[in-house]
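Student: build me a model:
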Amino acid sequence: MIKLSPSLLAADFSNLKGDIGAAEKAGAQYLHLDVMDGIFVPNISFGVPVIKALRKCTDMVFDTHLMITDPIRYIDAFASCGSDIITFHYEACEDRNAVIDKIHSLGLRAGMSIKPGTAPEVLDGYFDKLDLILIMSVEPGFGGQKFMPSCLPKLEYCAKKIAALSHPCDLEVDGGINLSNVGEVISAGCDTVVAGSSVFGAPDISDAVRSFLQK
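Tutor: Here you go, the predicted structure:
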């Protein structure tokens, strides 16, 4: 069974507790938290205060995706507010090992993400240290974009690398995922699926979660 990580960006912000509760009760294991700074991506979302408040509402794994420049500056803050996994972008910093080490030093799982235009080979020096690889199947920064099939060979590449590791590592995909194309990413090796509008924008959140988990 895949792990499902519904994206908070697509939830009803006037009813976050209710939407998250429905997803959790239906079996969603992770909650995907997209943090944007308006610099690394041309949009601003939410930050530490929102995540801290939500931590009181759910036991879901907080899958925090930092779409921010120089992420090491904020690792402490996102650890202290309740994140379980902190994923940063390969393209957002130079000393990536320092960021990974910082996340691990706080007892959290470390993830790294790449944009659609970045080749998966850039991850080769990091697989051994990572707990999650996130392949973007849309350009980061905005929800509701169309899925890019060009992510599929990247998933296949990373799945082979992960299979050779001596420790568990999630292979996650984010962007334009719905019930029509989720089978493609699973077949390519993905085991953790981020879904936004196809879960929180569905007529029935619980039914949507269960439908994903049956794939």
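Student: past the lengthiest helix in the chain, which element shows up next along the chain?
Tutor: For the chain, the helix with the greatest residue count under DSSP state H is helix 151-163. As assigned by DSSP states H and E, the chain's next helix or strand after helix 151-163 is strand 170-174.
Student: show residues contacting that next one.
Tutor: Applying CB atoms under 8 Å, 6 or more residues apart in numbering, the contact partners of strand 170-174 are 3, 5, 7, 32, 63, 65, 87, 111, 113, 131-138, 151, 155, 158-159, 162, 185, 189-194. (C-beta placed from N, C-alpha, C; glycine too.)
Student: okay, angle between the longest helix of the chain and strand 170-174 too, please.
Tutor: 170 degrees (axes from the mean of the first three to the mean of the last three CA atoms, to 10 degrees).
Student: helix 151-163 - contacts with which helices or strands?
Tutor: Counting contacts by 3 or more CB pairs under 8 Å, 6 or more residues apart in numbering; DSSP states H and E, helix 151-163 packs against strand 132-136, strand 170-174, helix 182-187.
Student: again, only this time at 7 Å
Tutor: Packing partners of helix 151-163 (3 or more CB pairs under 7 Å, 6 or more residues apart in numbering; DSSP states H and E): strand 132-136, strand 170-174.
Student: so for that helix, mean pLDDT?
Tutor: Helix 151-163 shows a mean pLDDT of 98.
Student: so which bits of it are buried?
Tutor: Residues of helix 151-163 classed as buried: 151, 152, 154, 155, 157, 158, 161, 162 (neighbour count, 16 or more other CB atoms under 10 Å).
Student: from those, which is closest to residue 210?
Tutor: Ranked by distance to residue 210 (CB to CB), those are led by residue 155 at 23.8 Å.
Student: contacting residues around that closest one?
Tutor: Applying CB atoms under 7 Å, 6 or more residues apart in numbering to residue 155 gives the contacts 135, 171, 173, 185, 188, 189, 190.
Student: okay, the third one and residue 100: tell me how far apart.
Tutor: Which is residue 173. 21 Å (CB to CB, to the nearest Å).
Student: ok, these two, which is more surrounded?
Tutor: Remark: of residue 173 and residue 100, residue 173 carries more neighbours, 32 against 21, as counted by other CB atoms under 10 Å.
Student: let me know the distance separating the more buried one from residue 152.
Tutor: 9 Å.
Student: cool, and residue 114?
Tutor: Taking CB to CB, one finds residue 114 at 14 Å from residue 152.
Student: name the residues that touch stretch 98-107?
Tutor: Residues from elsewhere that reach stretch 98-107 (CB under 7 Å, 6+ apart): 71, 72, 75, 79, 86, 88, 93, 110, 129, 130.
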